[in-house]
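Peer 1: sequence and predicted structure are below.
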Amino acid sequence: MPQIYLCFLWHMHQPFYKDLVTGEYNLPWTRLHALKDYYGMVRILEEFPKVHQTFNLVPSMMQQVAEYATGKARDPFLDSAAKPAEALTDEERDLILNHFFHANPDRMIRRFPRYGELHEARRAQKDAAYAKMAFAAQEFRDLQVLSQLAWFDEEFLENDREIQALIQKGRNFDLADQGLMLEKQKEILGLVIPAYHWAVESGQVEISTTPYYHPILPLLCDSNIASVSHPGVPLPRRFRQPEDAAHQLRLAREFISSEFGRAPVGLWPSEGSVSDEVFDLAAKAGFEWAATDSGVLDRTIGRGSGVDGLYRPYRWTQQSRTLHVIFRDHFLSDLIGFVYSRMDSREAAGDFLARIRENCRGILAGGRDALVPIILDGENAWEYYERNGRPFLRELYRRISDATDMTALTVHEALARIPSEPLDHIFPGSWINANFDVWIGAEEDNEAWECLLDARQAYDNAQGVSEENKRLAFEELMIAEGSDWCWWYGPEHDSPDRPDFDRLYRSHLANVYRALGQQPPERLSRPILKVSVQEFHADPTGFIHPVIDGQVTSYFEWLGAGLYRADSRSGAMHGRQFLVREVHYGTDGAAAFLRVDFDRRPEEMTGGLELRVRFLEASGLPEPVVIHVERGVTHATPPEVKVALRELLEIEVPLRLIRAQAGAPLRFQISLWQGGLPVGTLPHDGTLQLSTAEPLEWTV
């Protein structure tokens, strides 16, 4: 009987945070994800021996994990977590207050009540100077301990008695508690790499890799190739260093071979970025298969591939080079990355497998096996899930293990079972929109490439430099070629760490010049970052009296309303949908009013749109108000809610339905659903709030 072969590829990657000159780690994310994700994601497979998977390990990330495991990493963030609170310097207190709350508020921070209290206290003090006065030594120590525990893997949070004792204590930690937290942290870090060795030796896991410092290979080979996937895109001076691309590929293969005793045959090119020149280099380096995105397949064959074209392997051939290629199911992979975190784990796992079975129905009926590539980031998604995604993964893996119509295989295993279709070329593009716009074309991106080109030319033209310094300069260049710096330049993504990434990138380039005995150019002392687009929120200033007709009837009808404008950047992950531009809200004392301005018209959205408004103090309305939009038709539940959609969506909810306490603040949150799946919440963190201003007599 034809079978469904599921190929999960989990991509494990963090930028190279170490400054080679100072030896310090400038951000803590490799360590924190090693505590929370790298170990647990492979360790959970021991419970499901029938589930085989591919883990893509980026060598520069593994190099950092190894340094942490052996205690060689110099990490000021870890040092600040370890130091007695009474001895912290002003600089260390600033670091703690500015960085130790960088975690998902709902899933990670509020999971620990004391951490949630401290988070609210920090938010109440916008200025770090005032926050330092509000936080005494005990507050700092509690924050030092809890900010680290929040990143511990579920296996330790749920099963380690000593860690459970810390969690149960909850607050008022002492130096012994702080020491235990550090001891357990070191223990977990030491387990990461051995866990992958076990998985490889068991045959349950295949290790693939990525060029050593995670560069966008097609742009290293020739930055002008970006104009093929996006004609007319503004480009910097041409960067063409295919030998650098080949070097990064060769280094990666050597690293994995040395670590695991066998050479990797699989390649996830950084960000799924491919071109014919890249495939030629990869095949020449010894790789046998590579993966990229379904959007690249569509542009390669000049049409939509559909599941019949997508759920099969291909064989790229040019001249004497051959490389097998699989193309990730973009939609299904993004459901795990960006959607299922908002659903119950059983419902999410069931929905995922039901969609796969429906997609494969025609393929199996035709007598052919289906290869379904699910490829995504193996770390960043889980902080949005309940208990770090472990309930979802266990439910998913259990159902796959029990299934008779599907099997989870490594990519290499699946390629051995299904014949490949020929390809004579590959379209140049990445997993994001089948182009390279995230990394080149915007003003910030192009300036970053110009700086890189200048440093590369300085290296090429340097004279009289010792071999040791020449090697240091070249390694700094390889680090600067990584994709992560330009990920944060341009308009697509935002993070509180964005200025740090900018500074790190310029530091790596400056180190190139210093290693060559030259003065770094003055431009590297100035930020490349321009103005960042931030979330904007203004509270209501008075009663409003809008007309519910789906349009702005007059300038004055929403004057005095609260305003929430969403930040359209998408953080560390790319793929979150932003359907709403801004929300206006207010009251006239008898009703709550909401106005939703969309980025694009709801009737143009496939699968319809559902907007749910949940009032948290609503004793009379425990279920959310639901606004459903399908092909221009709009209706509300309950029917007492008035709604209109034209240029925008306007909603009127009688306060008598809500029966909140008279005169008390009224808090609410909006969630958006499309095609039966949650796609976002507004605000992203917390709630919006309005007041009825005067006590009311509630009647039904």
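Peer 2: Cool, got the structure.
Peer 1: as a check, name the ranges of all strands in the stretch 601-700 of the chain.
Peer 2: 609-615, 625-630, 633-637, 642-645, 649-654, 665-674, 677-682, 688-691 (DSSP state E, counting those that start in this stretch).
Peer 1: figure out which of those is closest to residue 317.
Peer 2: strand 677-682 (38.8 Å; C-beta to C-beta). Using the backbone N, CA and C atoms, a C-beta is placed for each residue, glycine as well.
Peer 1: pull the number of nearby residues for residue 146.
Peer 2: Residues lying near residue 146 (other C-beta atoms under 10 Å) number 28.
Peer 1: measure it to residue 140 for me?
Peer 2: Per C-beta to C-beta, to the nearest Å, residue 146 is found 11 Å from residue 140.
Peer 1: what's the answer for residue 297, then?
Peer 2: Residue 297 sits 52 Å away from residue 140, going by C-beta to C-beta.
Peer 1: quick one: residues contacting the closest residue to residue 340 other than its chain neighbours.
Peer 2: With sequence-adjacent residues excluded and distances taken as C-beta to C-beta, 6 or more residues apart in numbering, residue 340 is closest to residue 348, at 3.8 Å. By C-beta atoms under 8 Å, 6 or more residues apart in numbering, the contact set of residue 348 is 340, 392, 395-396.
Peer 1: need the CA coordinates for the helix or strand residue 348 falls within. CSV is fine.
Peer 2: Assigned by DSSP states H and E, residue 348 falls within helix 345-365. The C-alpha trace of helix 345-365 is given here as CSV (Å, rounded to 0.1, in the frame of the first residue of the first chain):
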residue,chain,number,x,y,z
SER,A,345,-2.3,20.5,21.7
ARG,A,346,-4.7,17.6,20.8
GLU,A,347,-6.7,19.8,18.4
ALA,A,348,-3.5,21.1,16.8
ALA,A,349,-2.0,17.7,16.3
GLY,A,350,-5.2,16.3,14.9
ASP,A,351,-5.6,19.3,12.5
PHE,A,352,-2.1,18.9,11.3
LEU,A,353,-2.3,15.2,10.5
ALA,A,354,-5.8,15.6,9.0
ARG,A,355,-4.5,18.2,6.6
ILE,A,356,-1.7,16.0,5.5
ARG,A,357,-4.0,13.0,4.9
GLU,A,358,-6.3,15.2,2.9
ASN,A,359,-3.4,16.6,0.8
CYS,A,360,-2.2,13.1,0.1
ARG,A,361,-5.5,11.4,-0.7
GLY,A,362,-5.2,11.8,-4.4
ILE,A,363,-1.5,10.8,-4.5
LEU,A,364,-2.1,7.6,-2.6
ALA,A,365,-5.1,6.8,-4.7
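Peer 1: quick one: pLDDT of residue 27?
Peer 2: As predicted, residue 27 sits at a pLDDT of 93.
Peer 1: quick one: which of the contacts of residue 348 sit in helices?
Peer 2: In helices, defined here by DSSP state H, the members of the contacts of residue 348 are 392, 395-396.
Peer 1: now, among those residues, which is nearest to residue 314?
Peer 2: Nearest to residue 314 among the ones in helices among the contacts of residue 348: residue 396, at 26.8 Å, using C-beta to C-beta.
Peer 1: isn't that closest one right up against residue 356?
Peer 2: No. Contact criterion C-beta atoms under 8 Å: residue 396 and residue 356 do not qualify, at 10.8 Å.
Peer 1: which one's more surrounded, the two?
Peer 2: Of the pair residue 396 and residue 356, residue 396 is the one with more neighbours under other C-beta under 10 Å, namely 25 against 22.
Peer 1: need the per-residue pLDDT for that one.
Peer 2: Listed pLDDT for residue 396 reads 98.
Peer 1: residue 385 too?
Peer 2: 96.
Peer 1: so what's the gap between stretch 353-373 and the chain middle?
Peer 2: 28 Å (C-alpha atoms, centre = their mean, to the nearest Å).
Peer 1: same deal with stretch 301-309?
Peer 2: 27 Å.
Peer 1: can you map out the helices along the stretch 251-400 of the chain?
Peer 2: 276-285, 294-301, 306-310, 330-334, 345-365, 390-402 (DSSP state H, counting those that start in this stretch).
Peer 1: now tabulate those in JSON lines and tack on distance to residue 90.
Peer 2: Formatted as JSON lines, those follow (distance: least, C-beta to C-beta, whole Å):
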{"stretch": "helix 276-285", "distance to residue 90": "49"}
{"stretch": "helix 294-301", "distance to residue 90": "49"}
{"stretch": "helix 306-310", "distance to residue 90": "56"}
{"stretch": "helix 330-334", "distance to residue 90": "43"}
{"stretch": "helix 345-365", "distance to residue 90": "44"}
{"stretch": "helix 390-402", "distance to residue 90": "39"}
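Peer 1: quick one: closest of those to residue 627.
Peer 2: helix 345-365 (22.0 Å).
Peer 1: next, the angle from the closest one to helix 390-402.
Peer 2: Taking axes from the mean of the first three to the mean of the last three C-alpha atoms, to 10 degrees, one finds helix 345-365 and helix 390-402 inclined to each other by 30 degrees.
Peer 1: for helix 345-365, which positions count as buried?
Peer 2: 345, 348-349, 351-353, 356, 359-360, 363-364 (16 or more other C-beta atoms under 10 Å).
Peer 1: from the chain's centre, how far out does that helix sit?
Peer 2: Taking the mean of its C-alpha atoms, helix 345-365 sits 24 Å from the chain's own mean (C-alpha atoms, centre = their mean).
Peer 1: swap in stretch 233-252?
Peer 2: Per C-alpha atoms, centre = their mean, the centroid offset for stretch 233-252 relative to its chain is 25 Å.
Peer 1: list of residues touching it?
Peer 2: Applying C-beta under 8 Å, 6+ apart, the contact partners of stretch 233-252 are 58-59, 209-213, 215, 217, 219-224, 226-227, 264, 267, 277-278, 281-282, 284-285, 287, 435, 437, 440-441, 446-447, 449-450, 452-453, 456, 477-478, 481.
Peer 1: which of the residues you listed fall in strands?
Peer 2: Among these, the ones falling in strands (DSSP state E) are 209, 267.
Peer 1: of the contacts of stretch 233-252, select the buried ones using a ChimeraX command.
Peer 2: In ChimeraX, this line selects whichever of those come out buried by 16+ other C-beta under 10 Å:
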select :58,59,209,210,211,212,213,215,217,219,220,221,222,223,224,226,227,264,267,277,278,281,282,285,287,435,437,440,441,446,447,449,452,453,456,477,478,481
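Peer 1: quick revisit: ok, which of the helices of the stretch 251-400 of the chain comes nearest residue 493?
Peer 2: For the helices of the stretch 251-400 of the chain, the distance to residue 493 is smallest for helix 330-334, at 15.7 Å, taking C-beta to C-beta.
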